[in-house]
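Engineer: Starting from these lines, generate the structure:
(4 chains)
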4 protein chains.
Amino acid sequence: MGRKYAIIGVGHVGATIAFALVTKGDADELILIDKNEKKARAEQLDLQDATARLETRPKIKIQDYSELADTDILFVTAGNIHALDHASGNRWAEFEYTREIVKDIAPKIKESGFHGVLIDTMNPCDAISQYLQKEIGLPGSQVLGTGTFLDTARMQRVVAENFAVDPKNVTGFVYGEHGESQFVAWSTVKVNGLAVKPLAAKKQLDLDKLEAQARSGGWAVHSGKGYTSFAIATCAVKLSRAVFDDAHLMCPCSTYNAKYDSYVGQPGIIGKNGVEEVVTIPLPPEEEAKLAKSAATIKEKFETM
Amino acid sequence: MGRKYAIIGVGHVGATIAFALVTKGDADELILIDKNEKKARAEQLDLQDATARLETRPKIKIQDYSELADTDILFVTAGNIHALDHASGNRWAEFEYTREIVKDIAPKIKESGFHGVLIDTMNPCDAISQYLQKEIGLPGSQVLGTGTFLDTARMQRVVAENFAVDPKNVTGFVYGEHGESQFVAWSTVKVNGLAVKPLAAKKQLDLDKLEAQARSGGWAVHSGKGYTSFAIATCAVKLSRAVFDDAHLMCPCSTYNAKYDSYVGQPGIIGKNGVEEVVTIPLPPEEEAKLAKSAATIKEKFETM
Amino acid sequence: MGRKYAIIGVGHVGATIAFALVTKGDADELILIDKNEKKARAEQLDLQDATARLETRPKIKIQDYSELADTDILFVTAGNIHALDHASGNRWAEFEYTREIVKDIAPKIKESGFHGVLIDTMNPCDAISQYLQKEIGLPGSQVLGTGTFLDTARMQRVVAENFAVDPKNVTGFVYGEHGESQFVAWSTVKVNGLAVKPLAAKKQLDLDKLEAQARSGGWAVHSGKGYTSFAIATCAVKLSRAVFDDAHLMCPCSTYNAKYDSYVGQPGIIGKNGVEEVVTIPLPPEEEAKLAKSAATIKEKFETM
Amino acid sequence: MGRKYAIIGVGHVGATIAFALVTKGDADELILIDKNEKKARAEQLDLQDATARLETRPKIKIQDYSELADTDILFVTAGNIHALDHASGNRWAEFEYTREIVKDIAPKIKESGFHGVLIDTMNPCDAISQYLQKEIGLPGSQVLGTGTFLDTARMQRVVAENFAVDPKNVTGFVYGEHGESQFVAWSTVKVNGLAVKPLAAKKQLDLDKLEAQARSGGWAVHSGKGYTSFAIATCAVKLSRAVFDDAHLMCPCSTYNAKYDSYVGQPGIIGKNGVEEVVTIPLPPEEEAKLAKSAATIKEKFETM
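Structural biologist: Down below sits the predicted model:
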């Protein structure tokens, strides 16, 4: 009965997801799990203290993997942000560290009998999502990564600012790795329903510069606050709501791409089984080449696991 | 037009307030100000990145005190949590540090022409709130501290857990300093509409132990996550909504008490002018004595400023 | 997975409940059933048309009793408001009509295998709720009526207006029948945490007049718009959220009272099983007498079914 | 301070807008005005009764045009739905009736000093919106009609159902009159980011039939419940939030088209001044011809006023 969520890893991202679910009344039940039990307990108490001032009162429990057996949505948000190599802007840098974490977590999830939808935000997002899917043995649709959903939001923000419109007027996608090899598929991007390229040309906007702006925005968040939390958590929550409603909402996310035999950021249709379908939008050759290259990068990394 | 909020200090509390306002669609305009401009910019970007995934799109600006001239609600949440003396559990320990901050901030607020309602979460909350009121020169009603609103929420949580009910079934107040000398006015506390004392007696619950539990909960949050954020931000947002609606909602908060000539945590009626009225609930002598003592503690500290 | 709601009877109350659940994103799945299939289809379409403009997309189905088998919350809101005898202000007048409806509905609910929580708003609310409980054969806790939850809200509004405070500052209960024999248990009512009687005396407010005001407010809604919808729907939705969260929130509602062997409006603790517990607040003799009389009125009517 | 809304005409649409604003906590202040004062009072009371059960407490006042002087958003939703000629499916049939209403209302709005954004839902929506703009004398941007925003939502729903996706995956617009001469500009419609025409061809879907389905959906709502309310109210509220946030959100709506010298349904950018800009999407000749014809129909009708 109701919406049962769990979060493994209550660092900045996990805790922000928890707060969003509680403050908006989205969750009916919420399980928090962290290697640091004191941290999990602190987040539980902080959220429970808030419920005297909120309209609803979700049940919040901690540290119990057995609760995953009937959990509907599991966010995996563990990871050590400090391992991130800021200088190189390289999300793979987290990999050494997160690989160990995920090797610890995956069997516990499997053993719990979890059979809902897993949404991964751990980096490197694509490889970790694929690893979790393999290790836990759930159907591919049920394990997805937030992938380029966040990067697409950043692209939407930057394009929106340059055209003085709401980011929701900007459609289109960032494809590929949630990392360095990602790219904006400008062929898919529209502003107010109109293709971005001619519009940008008319305004003498350089799309490469916009892409760089979106990217540097992400790093400005990282370097300015030491982590990112609000936008990534909002993306993760958005995906989860589409699962509960079986909404068939299209969102770019990290999911399996048969052509490249790898998880990669691409548009998917989100429903009760997770990614119900991958939407294949024909890309021009130079974008398709970027996607191939990005998928290859992910695949290589995945195979080292 | 619309709801214009500003936040001075976007540490954990300020940033969580900002996220709550944006994710729930409460704010139409939001100004973020921080000594660390990179931090303010990072929070702005992180929130703006989220708006592509949210229903609304508040305007978010940074670092501009002149925006306060027509701001409706100003949260003051600056402060260095690390200055907190965990060992002693003493919120006064922050004082040395926050005093300097507030001395820097107050004149800038005054100069901006701000004339809305200021909600302070800085510690020591009562003394800082009073200092801000004096320095800025706004009417007393318009400058309040979250004070024991948070402590009351914690008391509600603990009582609720012990009686297996929703914290919203627990009424009554924590009075006094948002700090060591605070106390639960058990004479005011009811569970399911019934006085707590006989109920506790029947269940052989020791109210002193419950009070200690509430207190230690706060410290468990502090020590487990290094700061508190969700409950305090939720309290602050709740107060702000009561101002916008001119709701005349009763909330314990830090406001001026004429009898003790000091700001102190006590029930107030929150409306468009801030604290429209203080509600004087007759307390038994031992509770009144505690209140007098707590107010004296605050006054002494305030006078050292 | 998620929150599954059903509504039998999509007249003004049922449709407003549906709209509230959809517009706030509370429901993941919603089943609408009405004797008038065109009406059910119209509400379904009107709600579905709205989802292009809302954040979420609940699944909305119609006219299928078999969906109740795994429905969590079932609202029964059928009834012919026009049968209401406005002149006499008598909610029993609906009885002749609603009795036939409920005799048609109850076996279909039973047969569906429904085993969630049923919330009844049909009038006469207390007798119909009890009838539904008996006929469907669910545990008593799982079938409740909105009863005096609405009347209590009206009392809170009137008291709040007279004391210039938020209705949420007013605690206490209306007991008895959701109908003529109901009464405000003034002994339970507090304003800003203080007993209402002395406060009213000080302001020379006549509590009988306030009670009359609350009552006439209800009739003003009826006569001015031809039905009531917003407040009753809001009460019903509030109860349902407390069930999903297993909140143990205290709400007056119509549930079985062992002392009087009848359903009657009284404070209950709402959790995942519906009314988890009845809260017995000691009433002064004159209020207890009113409760006995009101319960007797309900019982008599129930027995004619 | 805060969000101040007014609604003229609290029939089904106006009352539903009011309920949405109150139940979601969107409004801080709400003015209800109706020819039938008892109806306005009934809606006020019904909403106020609800506030004891809601998180917030907007101020709700009635029947006072002078309140419009500082109102931010004014919905004009008067009109007699029963005048609608169901047989002919002709929204112009309401015209005779609504013309008289609007001639009564417009001078009162003007005299009030209202200078916010007016959102009209009265039918015939385009002509009435233009009439209101002229008579009140506000800048054209500040008076808009919901126009084809609702029709577009219906098109999105129908396309979404046929492609088994969320209506939010469907972009594109219905243009023209909110009435018979409207048309789906299929050249603008995309499903999952892909042009609808080839997709429909592949699935052997006839777009004319889909258009007819959307239209008949509207009439099914009308005939099944006697009016439409939820979707139109949701559209109106969505527009108002874009104004408060100065969001620059693109929404089809009824606004002035210079080429055709008439109000007509077309995509606009909604910000703090209402329609900040009209978005001119190049349409193929056959669609442009339809738009011209639809605009001419509206213009002719407007001129009879």
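Engineer: What residues sit buried inside the helix or strand harbouring A:Glu303?
Structural biologist: With secondary structure defined by DSSP states H and E, A:Glu303 is part of helix A:285-304. In terms of neighbour count (16 or more other Cβ atoms under 10 Å in any protein chain shown), helix A:285-304 has its buried residues at A:Glu287, A:Lys290, A:Leu291, A:Ser294, A:Ala295, A:Ala296, A:Thr297, A:Ile298, A:Lys299, A:Lys301, A:Phe302. All C-beta spots, glycine's among them, are computed from the backbone N, C-alpha and C.
Engineer: Name the nearest of those relative to A:Gly265.
Structural biologist: Proximity of the buried residues of helix A:285-304 to A:Gly265 (Cβ to Cβ) peaks at A:Ser294, which lies at 8.0 Å.
Engineer: how about the nearest residue to that closest one, chain neighbours excluded?
Structural biologist: Nearest in space to A:Ser294, with sequence neighbours left out and distances taken as Cβ to Cβ, 6 or more residues apart in numbering or on different chains, is A:Gly176 at 3.1 Å.
Engineer: Check the gap between the one you found and A:Ala295 for me.
Structural biologist: Distance, A:Gly176 to A:Ala295, by Cβ to Cβ, to the nearest Å: 7 Å.
Engineer: Tell me where the model's unsure across the stretch 51-200 of chain A.
Structural biologist: Residue ranges of the stretch 51-200 of chain A with pLDDT under 70: A:80-94.
Engineer: Please list the residues of it that sit near chain C.
Structural biologist: Within the stretch 51-200 of chain A, the positions near chain C by Cβ under 8 Å from any Cβ of the partner chain are A:Glu55, A:Thr56, A:Arg57, A:Pro58, A:Lys59, A:Asp72, A:Gly116.
Engineer: In this structure the second one contacts C:Asp245, no?
Structural biologist: Yes: A:Thr56 is in contact with C:Asp245 according to Cβ atoms under 8 Å; the separation is 5.3 Å.
Engineer: Which stretches in the stretch 201-305 of chain A count as helices?
Structural biologist: A:207-225, A:230-244, A:285-304 (DSSP state H, counting those that start in this stretch).
Engineer: Output the last one in CSV, but only the C-alpha positions, please.
Structural biologist: Coordinates of each C-alpha in helix A:285-304 appear next as CSV, following Å, rounded to 0.1, in the frame of the first residue of the first chain:
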residue,chain,number,x,y,z
PRO,A,285,26.2,11.1,-38.8
GLU,A,286,28.5,13.3,-36.7
GLU,A,287,26.2,13.0,-33.7
GLU,A,288,25.8,9.3,-34.2
ALA,A,289,29.6,9.0,-34.3
LYS,A,290,29.8,10.9,-31.0
LEU,A,291,27.3,8.5,-29.5
ALA,A,292,29.2,5.5,-30.7
LYS,A,293,32.4,6.9,-29.2
SER,A,294,30.8,7.7,-25.9
ALA,A,295,29.2,4.3,-25.7
ALA,A,296,32.5,2.7,-26.4
THR,A,297,34.1,4.7,-23.6
ILE,A,298,31.5,3.5,-21.2
LYS,A,299,31.8,-0.1,-22.4
GLU,A,300,35.5,-0.1,-21.9
LYS,A,301,35.2,1.2,-18.4
PHE,A,302,32.4,-1.2,-17.6
GLU,A,303,34.5,-4.1,-18.7
THR,A,304,37.3,-3.2,-16.3
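Engineer: Now do that helix: everything it contacts.
Structural biologist: Helix A:285-304 has contacts (Cβ atoms under 8 Å, 6 or more residues apart in numbering or on different chains) with A:92, A:95, A:124, A:126-127, A:130-131, A:175-177, A:179-183, A:185-187, A:257, A:260-264, A:266, A:283.
Engineer: chain center to that helix, what's the gap?
Structural biologist: Averaged C-alpha coordinates place helix A:285-304 at 18 Å from its chain's average position (Cα atoms, centre = their mean, to the nearest Å).
Engineer: From A:Phe149, how far off is A:Phe244?
Structural biologist: From A:Phe244 over to A:Phe149 the distance is 17 Å, taken as Cβ to Cβ.
Engineer: Return the nearest residue of the stretch 101-250 of chain A with respect to chain B.
Structural biologist: A:Gly224 (2.6 Å; Cβ to the nearest Cβ).
Engineer: Look at A:Phe244 and A:Phe149 and report which has more neighbours.
Structural biologist: With neighbours defined as other Cβ atoms under 10 Å in any protein chain shown, A:Phe244 and A:Phe149 compare such that A:Phe149 has more, 32 against 25.
Engineer: how about the helix or strand hosting the more buried one: buried residues?
Structural biologist: Using DSSP H and E, A:Phe149 falls within helix A:148-163. The neighbour-count check on helix A:148-163 (16+ other Cβ under 10 Å) flags A:148-160, A:162-163 as buried.
Engineer: What helices and strands are in contact with the helix or strand following it?
Structural biologist: The C-terminal neighbour of helix A:148-163 among helices and strands, as given by DSSP H and E, is strand A:170-171. Contact analysis of strand A:170-171 by 3 or more Cβ pairs under 8 Å, 6 or more residues apart in numbering or on different chains; DSSP states H and E lists helix A:148-163, strand A:190-191 as its packing neighbours.
Engineer: right, is the first one up against chain B?
Structural biologist: Yes: under the criterion of Cβ under 8 Å from any Cβ, helix A:148-163 makes contact with chain B via A:Phe149, A:Leu150, A:Thr152, A:Ala153, A:Arg154, A:Gln156, A:Arg157, A:Ala160.
Engineer: Ramachandran angles for the most centrally placed residue in chain A?
Structural biologist: With distances taken as Cα atoms, centre = their mean, the residue of chain A nearest its centroid is A:Thr146 (1.8 Å). Per-residue torsions, A:Thr146: phi -70, psi -30 (degrees, to the nearest 10).
Engineer: on that earlier part again, the buried residues of helix A:148-163: which ones sit near chain D?
Structural biologist: Among the buried residues of helix A:148-163, chain D is touched by A:Ala160 when using Cβ under 8 Å from any Cβ.
Engineer: Would you mind checking which of the buried residues of helix A:148-163 is nearest to B:Lys110?
Structural biologist: Nearest member of those to B:Lys110, counting by Cβ to Cβ, is A:Arg157, at 34.6 Å.
Engineer: list the contacts for the closest one?
Structural biologist: A:Pro167, A:Ala214, A:Gly217, B:Leu45, B:Gln48, B:Asp49, B:Thr51, B:Ala52.
Engineer: Report the buried residues of stretch A:96-104.
Structural biologist: For stretch A:96-104, the neighbour count (16+ other Cβ under 10 Å) marks A:Tyr97, A:Thr98, A:Arg99, A:Ile101, A:Val102 as buried.
Engineer: Let me see the contact set for A:Ile33.
Structural biologist: For A:Ile33, the contact set (Cβ under 8 Å, 6+ apart) comprises A:Ala6, A:Ile7, A:Ile8, A:Gly9, A:Val10, A:Ala40, A:Ile62, A:Gln63, A:Asp64, A:Tyr65.
Engineer: among these, which are in helices?
Structural biologist: Taking DSSP state H, the ones among those that sit in helices are A:Ala40.
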